[in-house]
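In: Predicted model, plus sequence, below.
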Amino acid sequence: MTITTSTLVADIATASPATIKVFQRHRIDFCCGGRIPLGEICEAHQIEPPVLIGELEQALRATESETDWTKEPLTSLVAHIQARFHRPLEEEIPRLRAMVDKVVSRHGARLPRLAQLQETFAGLQHELLDHMKKEDVVLFPAIVALEAGACLSGRRSGAHRGADRRPRSARGCVSDVPWPVSRAVGARARHARARPPREPHPVPAGGGAGALDCAAGHALRG
């Protein structure tokens, strides 16, 4: 999207939601009062147009990194998920909830269906934050311990006989991780299954599916 001083604020926010934070930082109304050219907004808020346009373009350029996560250590993958998705969402979701509540308070009487949107978002907020907490407290520490060699890879040893029966909650944690992160974990798992079983030994960096099951199983059984 090309942003100029004649571009409407509302059009920018609608086409690129990543720019909303910029408007909020400058206390610019991008919703009901957003049908105004950017140049007029800059004049009203005493902001130099190139400065605001630069901030908006920077927000547009903020994209996913090109790192090949199928080749990175699991510990790095965990850190990336937490930094790229968990921590921002912990701040973003309450901010969005406040925006939803504000819209409902102003327009709910005229548009009753907004109450359903508010209820749906509240449920999403609860489920998503709870899901991320389980990953941070249970699954991810198990993966980090796995890569550090804290769990043996002997799938059929007496202590680990049930390790390859993956706990449902751990499976859900992995399957819900955004692409390409989930693809990276899946590729690691398929590669590990293709290798012949070996004698138990500390798992090397980049471990496999059976060891992941083992670590996650121990952590979930706590």
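Out: Looks like it arrived, so ask away.

In: Tell me, how many residues neighbour residue 35?
Out: Per other C-beta atoms under 10 Å, the neighbour tally for residue 35 reads 11. Every residue, glycine included, has its C-beta placed from N, CA and C.

In: need the contact list for it.
Out: Residues counted as contacts of residue 35 (C-beta atoms under 8 Å, 6 or more residues apart in numbering) are 8-10.

In: How about residue 140?
Out: Residues in contact with residue 140 (C-beta under 8 Å, 6+ apart) are 78, 81-82.

In: I'd like the average pLDDT over whatever helix or strand it lives in.
Out: Taking DSSP states H and E as the criterion, residue 140 maps to helix 140-147. In this model, helix 140-147 has a mean pLDDT of 90.

In: Now it: buried residues?
Out: Under the neighbour-count criterion of 16 or more other C-beta atoms under 10 Å, helix 140-147 has 140-147 buried.

In: Could you say which of the contacts of residue 35 is surrounded by the most neighbours?
Out: Highest neighbour count within those, by other C-beta under 10 Å: residue 9, with 23 neighbours.

In: Now do the contacts for the closest residue to that one other than its chain neighbours.
Out: Once flanking residues are discounted, residue 9 sits nearest to residue 34: 4.2 Å by C-beta to C-beta, 6 or more residues apart in numbering. Applying C-beta under 8 Å, 6+ apart to residue 34 gives the contacts 8-10, 13.

In: Just the pLDDT for residue 34.
Out: Residue 34 is given a pLDDT of 88.

In: Would you double-check that it falls in a strand?
Out: No. Assignment of residue 34 by DSSP: H, G, I helix; E, B strand; the rest coil gives coil, placing it outside any strand.

In: As CSV, the contacts of residue 35 with secondary structure and pLDDT would be great.
Out: Shown next, in CSV, are these (DSSP: H, G, I helix; E, B strand; the rest coil; pLDDT from 0 to 100):
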residue, secondary structure, pLDDT
8, strand, 95
9, helix, 95
10, helix, 93
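
In: out of the residues you listed, who's nearest residue 111?
Out: Using C-beta to C-beta, residue 10 is the member of these that sits closest to residue 111, with 17.9 Å.
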